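Q: Task: produce atomic coordinates for the following.
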Amino acid sequence: MKTIVRLPKEPQILSLIRKWVASLGPVITLVIERDSWKFYITALCALYCIITSMPNYLNFSEEALKRSPYHELLLENYQALDQQSKVPFQPQHVETSSHSSKLAFRFIPALLLHYVPVTDLLPKMLSLYLINNLFGLLFFISLLSLVFKFSNDKLFATLVACNFSILYTGKSFFHDTYLWNDGIAFTFILFSLLSRNAMVVLVCLLAAYFTDERALFSGLLAFAFHKIVTTDSKKPDTLLTTSDLPFILSFIVYFTIRFLLGHFLGLKTPSGNHSGVLPFLRLMDDRFIWTNVLGFLLAYKLGWFFILAPIWWLRNNRLFLAIYCSGIVGIIAASFSVGDLSRSLAYGFVALLIGVYLLYKKSTDKPHWQRNPTLFMLFMLNFLVPTISVVGTTIKFLPPVNKLFAIVVEKGGFIATF
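A: As a prediction, this is how the structure comes out:
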């Protein structure tokens, strides 16, 4: 008597998505089967980010800058960066409410700018913008390398990179003509995930922290990623290993250096009501209600599923779960304590990578249609949802959406800029 083995039935929606992926197969294969596939995918992601984020290159033109409604804000930030590049460790006397006052311990971009052989202000700032672009290319290449490293699947890695290109995290490298320089920190964090050399990991983490303090929470998530990826599943009870040392040391060294610079050189970062940095600042003002909701949800769109899912997947390992949740809670708390919500939430991108990694591990022993089509569906749905940048009560859409939606947004009580 023959035994009939029934294979699990494929859901109709995944069946349809699988057919879409298959129809794109010849085009995708043409790209990812090349030896230099990472460079092609990186170029496509960068081009998409530039086209859809529509960076304002006129900010680097003297005449156009004078006509900009953000003239004072831009010029103040440019001048502060220029001054910091000349004397990186000298306190700057600026308004505590300005972004420039927060640059004291964010000197990595200034050090990079210090070696640019240009003296005029705007060409110098354009050079820093191009450095951000270069870090964007390095980010996507590193992202592809990291995902391919644990999945050995070019299509899977490509879909992850494409998903990042439609989030604020990916667009920030090319959209940011204000030169907040978050992308530089993102890339250093990604470098720390790629390397297994303890000194390289430590240096990259410190470089990220001294680009922006919010990267400290990314460092916690990087530590969680490291533990999840490298821990032997046969020895789950091992708490700390020697390979964890650079992650732990990075926090100790950072705060030690920060204390010494503050004590001997007088560097400090203002905080309090007038500085724009206050615990849960955005939750204390009714003007932020709608921007808080939209800014939070659209920071990762449907990618929030991959960020929240590890809380369930890691429930049996308290150490991993504690490190992971500390990073997530820290980033969310920091994001609602400052004006620039989208930029701050973007520092949680490592959590998305952890979710993607766990998705891959959970699906390796399941039918083939449950992995790549899931990421493709995520990409298609996220593609249809606008990417936004929230600063204060202002929302900027990347790319701009139609006028009807703009009217609805403005009726909600906040400003939509295009």
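
Q: separation between Asn133 and Ala215?
A: Look at Asn133 and Ala215: by Cβ to Cβ, to the nearest Å, they are 20 Å apart. To be clear about C-beta, it is placed using only N, CA and C from the backbone, and glycine gets the same treatment.

Q: So for the two, which sits in the more crowded spot?
A: Ala215 (26 against 18; other Cβ atoms under 10 Å).

Q: Can you spell out which helices and strands pack onto the helix or strand encompassing Leu205?
A: Per DSSP states H and E: Leu205 is located in helix 198-209. Helix 198-209 is packed against helix 182-194, helix 215-230, helix 245-265, with contacts defined by 3 or more Cβ pairs under 8 Å, 6 or more residues apart in numbering; DSSP states H and E.

Q: Tell me the secondary structure at the residue lying closest to Arg258 once chain neighbours are set aside.
A: Residue nearest to Arg258 in three dimensions, not counting chain neighbours: Phe105, with 5.7 Å by Cβ to Cβ, 6 or more residues apart in numbering. Of the three states, Phe105 takes coil under DSSP: H, G, I helix; E, B strand; the rest coil.

Q: Quick one: neighbours of Phe105, just the number.
A: 20.

Q: Distance check, it against Val116.
A: Taking Cβ to Cβ, one finds Phe105 at 21 Å from Val116.

Q: worst-scoring helix or strand of the protein, pLDDT-wise?
A: Across the helices and strands of the chain, mean pLDDT, DSSP states H and E gives its lowest value to strand 415-417, namely a mean of 40.

Q: Show me where the chain dips below the pLDDT cut-off.
A: By pLDDT under 70, the low-scoring segments of the chain are 1-30, 232-240, 365-372, 399-418.

Q: just the angle between the longest helix along it and helix 182-194, please?
A: Secondary structure assigned by DSSP state H gives helix 121-151 as the longest helix of the chain. Put simply, helix 121-151 runs at 30 degrees to helix 182-194, going by axes from the mean of the first three to the mean of the last three Cα atoms, to 10 degrees.

Q: Does anything pack onto whatever helix or strand comes next after helix 121-151? Which helices or strands?
A: Heading C-terminal from helix 121-151, the first helix or strand you meet, by DSSP H and E, is helix 154-165. Where contact means 3+ Cβ pairs under 8 Å, 6+ apart, helix 154-165 is packed against helix 25-32, helix 37-53, helix 121-151, helix 349-363, helix 372-384.

Q: starting at the chain centroid, how far to helix 154-165?
A: 15 Å (Cα atoms, centre = their mean, to the nearest Å).

Q: Identify all contacting residues around it.
A: 28, 31-33, 37, 41-42, 45, 48-49, 140, 143-144, 147-148, 151, 170-171, 303, 349, 352-353, 356, 360, 371-372, 375-376, 378-379, 382 (Cβ atoms under 8 Å, 6 or more residues apart in numbering).

Q: picking that back up, name the stretch among the helices and strands packed on helix 198-209 that sits most buried.
A: Of all these, helix 182-194 carries the top mean neighbour count, a mean of 25, counting by mean count of other Cβ atoms under 10 Å.

Q: okay, the angle between that helix and helix 154-165?
A: Going by the same axes, to 10 degrees, helix 182-194 makes 150 degrees with helix 154-165.

Q: For helix 182-194, list the C-alpha coordinates in PDB.
A: What follows is helix 182-194, C-alpha atoms only, in PDB (Å, rounded to 0.1, in the frame of the first residue of the first chain):
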ATOM      1  CA  ASP A 182      23.700  60.100   9.900                       C
ATOM      2  CA  GLY A 183      24.600  57.900   7.000                       C
ATOM      3  CA  ILE A 184      28.200  57.900   8.000                       C
ATOM      4  CA  ALA A 185      27.200  56.500  11.400                       C
ATOM      5  CA  PHE A 186      25.000  53.900   9.700                       C
ATOM      6  CA  THR A 187      27.900  52.700   7.600                       C
ATOM      7  CA  PHE A 188      30.400  52.300  10.400                       C
ATOM      8  CA  ILE A 189      27.800  50.300  12.300                       C
ATOM      9  CA  LEU A 190      27.400  48.000   9.300                       C
ATOM     10  CA  PHE A 191      31.200  47.700   9.000                       C
ATOM     11  CA  SER A 192      31.200  46.500  12.600                       C
ATOM     12  CA  LEU A 193      28.700  43.700  11.700                       C
ATOM     13  CA  LEU A 194      30.800  42.600   8.800                       C
END
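
Q: follow-up on the earlier one: give me the buried positions along the longest helix of the chain.
A: Residues 121-122, 124-129, 131-133, 135-144, 146-148, 151 are the ones in helix 121-151 that count as buried (16 or more other Cβ atoms under 10 Å).

Q: I'd like the distance from the host helix or strand of Ile323 to the chain centre, please.
A: Assigned by DSSP H and E, Ile323 belongs to helix 318-335. Offset of helix 318-335 from its chain centre (Cα atoms, centre = their mean): 16 Å.

Q: Thanks a lot, catch you later.
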